[in-house]
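Enquirer: Just to be clear, the model below is a prediction. Sequence and coordinates:
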Amino acid sequence: MKLLISAGGTGGHIFPGIAVAESFTGMHESNDVVFVGTQQGLEGGIIPRYGFRLLFIEAHQFQGKNMFSKISTLVRLVQGIRAAKVIINLEKPDAILGMGGFTCVPTILAGVMLGLPTFLHEQNVEPGLANKFLSRFVRSTFISFKATEKYLGTKNIFHTGNPLRKTLKAAKVPEEKHTFNVFIFGGSRGARSINDSILTLLPFMESYKNTVMYHQTGTEDYEHIKKVYEGSKVEYEVFPFTDNMEKYYNLSDVVISRSGATTIFELAYFKKAAILIPYPFSAGQHQKTNAAHVASLGGAYVVDNDELNGKKLHNLLSSLMENPGRLKEMGNNIGRLYIEDAAERILKEIVGF
C-alpha cells in the first residue's frame with residue numbers, strides 16, 4: 001500500500017507526519033510513503049533526513065485583503081491543485097493524509113477531485129482556516145485534543161492524539177539527578193523574547209547553587225546569550241540547536257517553551273511541568289488556545305509574551321522548586337494528554353477505508 005502525506009511549513013505539521021510514516025512503513029515491508037511539501041517550508045531540510053521521498057508543489061497562505069489578493073490566491077490554488085494532480089497520477093497512492101495548514105490544501109483538494117480516500121490531521125486545539133475548510137471534504141479528520149471536536153461541525157472525527165517520532169519515544173529513560181534542571185527553548189530557530197527574558201532571569205538564579213539551565217537559543221542569538229551565561233554564576237549548557245531533544249527532556253524538571261502542539265505532546269510524553277509562552281503571531285492565536293487548554297488541566301503555567309520577564313519566571317520557578325509535589329502533579333496532569341498509539345489509531349482508519 002502507498003500513502004501520500006502532505007506536510008510542510010513548520011515542524012508542528014512535519015514531525016507528526018513523519019511519525020505516521022514511520023509506523024506505516026513498519027507495518028509491512030511493502031508499504032511505501034511519499035511526502036508532498038513546498039520549497040518555502042522546513043520540510044526540505046527535515047523529511048529527507050528520515051529517509052522519505054519529498055516532492056514539491058506550490059502552496060500559499062490565503063490572502064484576501066483586496067480583490068487583487070483574492071484573485072491571486074485563487075489562481076495559485078488552481079495551479080497547486082494541477083501540480084498535485086500530476087504527482088498523484090504519477091505516484092498512484094492508495095490514500096492521502098494531510099497534516100494541516102495551507103501546504104496541504106491543493107493536495108487534499110486534488111485527491112478529493114480524483115476520488116481518492118483523503119484524511120486530515122489537526123494538531124492544535126483550535127483548527128486553522130485550512131483544516132476547517134478541508135474537513136468538510138475528507139473522509140475522516142483526526143484530532144490531537146479531545147477539545148477540538150467543538151470547533152469542527154463535520155462527522156467522522158476521531159480523537160487519536162498527536163503522533164511522536166520513534167527516536168524521541170525510544171529515549172525515555174529515568175535520569176539520576178541531584179540538581180533542579182530547567183530546559184529552555186523557543187523552537188528550532190529560537191525565540192528572541194524568551195532568550196531576552198532568560199538573560200534577566202539569570203541574576204535571580206545565581207543564588208540557587210543546585211540549579212542547571214539547559215538553553216537552546218537558536219543560531220542568531222547563540223553567541224550573545226553564551227557570553228552572558230559565561231559572565232554569570234549559573235551552571236549551564238547553552239547550544240544553538242540540538243537533535244537530541246529527548247536528552248534534555250529527560251534531564252529537566254521544568255521546561256520553558258512556546259506552546260505549539262508538538263511541543264505540548266512531547267511534554268505530555270515525558271510528563272514535564274511547563275511554563276508556556278505562546279507565540280503571539282501564530283495563525284489564529286492557536287498557541288494561546290493550546291496553552292490555555294493545558295493550563296486548565298493543571299499541567300502548565302502560562303505567561304503572555306508581552307508580560308514575559310525574568311522576575312516573573314523566577315517567581316514561578318522558585319515556587320516549583322519549593323513544592324516538588326506540585327511539580328510532579330503538573331507533570332502527571334499534562335501527561336493525561338498523551339495517547340501512546342496515536343499513529344496506529346490514524347492508520348487503522350486509513351488502512352481500513
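Expert: All right, it came through fine.
Enquirer: Direction included, what does the strand or helix carrying Leu55 pair up with?
Expert: According to DSSP states H and E, Leu55 maps onto strand 53-56. Strand 53-56 has the following strand partners under DSSP bridges: strand 32-37 (parallel).
Enquirer: rewinding a little: hmm, who's touching the strand holding Leu55?
Expert: Here strand 53-56 makes contact (CB atoms under 8 Å, 6 or more residues apart in numbering) with 33-39, 43-44, 47-48, 87, 91. All C-beta spots, glycine's among them, are computed from the backbone N, C-alpha and C.
Enquirer: Please apply the same query to stretch 210-219.
Expert: Applying CB under 8 Å, 6+ apart, the contact partners of stretch 210-219 are 178-191, 195, 198, 202, 205, 225-226, 229, 234-242, 248, 251-252, 321.
Enquirer: distance between the ends of that stretch?
Expert: With CA to CA, to the nearest Å as the measure, the ends of stretch 210-219 fall 28 Å from one another.
Enquirer: Can you mark which positions in it are buried?
Expert: Buried residues in stretch 210-219, counted by 16 or more other CB atoms under 10 Å: 211-218.
Enquirer: now stretch 34-46
Expert: Buried residues in stretch 34-46, counted by 16+ other CB under 10 Å: 34-38, 41-43, 46.
Enquirer: out of these, which one sits closest to Ile96?
Expert: Comparing the buried residues of stretch 34-46 against Ile96 with CB to CB places Val36 closest, at 8.7 Å.
Enquirer: Is that closest one in contact with Leu3, as I believe?
Expert: No - in this structure Val36 lies outside contact range of Leu3 using CB atoms under 8 Å: 11.3 Å.
Enquirer: quick revisit: what distance separates the strand holding Leu55 from the centre of its chain?
Expert: Here strand 53-56 is found 21 Å from its chain centre; the criterion is CA atoms, centre = their mean, to the nearest Å.
Enquirer: same check, this time on stretch 150-163
Expert: So, by CA atoms, centre = their mean, the centroid of stretch 150-163 is 17 Å from its chain's centroid.
Enquirer: which residues make contact with that stretch from outside it?
Expert: By CB under 8 Å, 6+ apart, stretch 150-163 touches 16, 19-20, 23, 121-123, 125-127, 132, 135-136, 139-146, 148-149, 261-262, 264-265, 337-343, 345-346, 349.
Enquirer: Could you check stretch 178-186 and say which residues are buried?
Expert: Neighbour-count burial for stretch 178-186, counted by 16+ other CB under 10 Å, picks out 180-186.
Enquirer: what's the farthest-apart pair in these?
Expert: Farthest pair in the buried residues of stretch 178-186 (CB to CB) is Phe180 and Gly186. Separation: 20.9 Å.
Enquirer: just the buried members of the contacts of stretch 210-219?
Expert: 180-191, 195, 198, 202, 205, 225-226, 229, 234-236, 238-240, 248, 251-252, 321.
Enquirer: which ones among the contacts of stretch 210-219 are found in helices?
Expert: Using DSSP state H, the members of the contacts of stretch 210-219 that fall within helices are 195, 198, 202, 205, 225-226, 229, 248, 251, 321.
Enquirer: Could you check the pLDDT of Glu340?
Expert: In this model, Glu340 is scored at 94, pLDDT.
Enquirer: do you know how far the closest residue to Val34 other than its chain neighbours is from Leu297?
Expert: Using CB to CB, 6 or more residues apart in numbering and skipping residues adjacent in sequence, the residue nearest Val34 is Arg53, 4.9 Å away. Counting by CB to CB, to the nearest Å, the separation of Arg53 from Leu297 is 39 Å.
Enquirer: what comes up buried for the strand holding Leu55?
Expert: For strand 53-56, burial by neighbour count (16+ other CB under 10 Å) applies to 54-56.
Enquirer: what's the answer for stretch 318-336, then?
Expert: Residues of stretch 318-336 classed as buried by neighbour count (16+ other CB under 10 Å): 320-321, 327, 330-331, 333-335.
Enquirer: what about it, distance to the chain center?
Expert: The chain centroid and the centroid of stretch 318-336 are separated by 23 Å, computed with CA atoms, centre = their mean.
Enquirer: Can I get the ones in helices among the contacts of stretch 210-219 in JSON lines including distance to His28?
Expert: Shown next, in JSON lines, are those (distance: CB to CB, whole Å):
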{"residue": "Asn195", "distance to His28": "45"}
{"residue": "Ile198", "distance to His28": "47"}
{"residue": "Leu202", "distance to His28": "52"}
{"residue": "Met205", "distance to His28": "51"}
{"residue": "Ile225", "distance to His28": "47"}
{"residue": "Lys226", "distance to His28": "47"}
{"residue": "Tyr229", "distance to His28": "49"}
{"residue": "Tyr248", "distance to His28": "35"}
{"residue": "Leu251", "distance to His28": "37"}
{"residue": "Met321", "distance to His28": "49"}
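Enquirer: With pLDDT and distance to Gly161 as new columns, can those residues be given to me in TSV?
Expert: What follows is those, written out as TSV (pLDDT from 0 to 100; distance: CB to CB, whole Å):
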residue	pLDDT	distance to Gly161
Asn195	96	31
Ile198	97	31
Leu202	97	37
Met205	96	35
Ile225	96	34
Lys226	97	37
Tyr229	97	36
Tyr248	95	23
Leu251	94	25
Met321	96	31
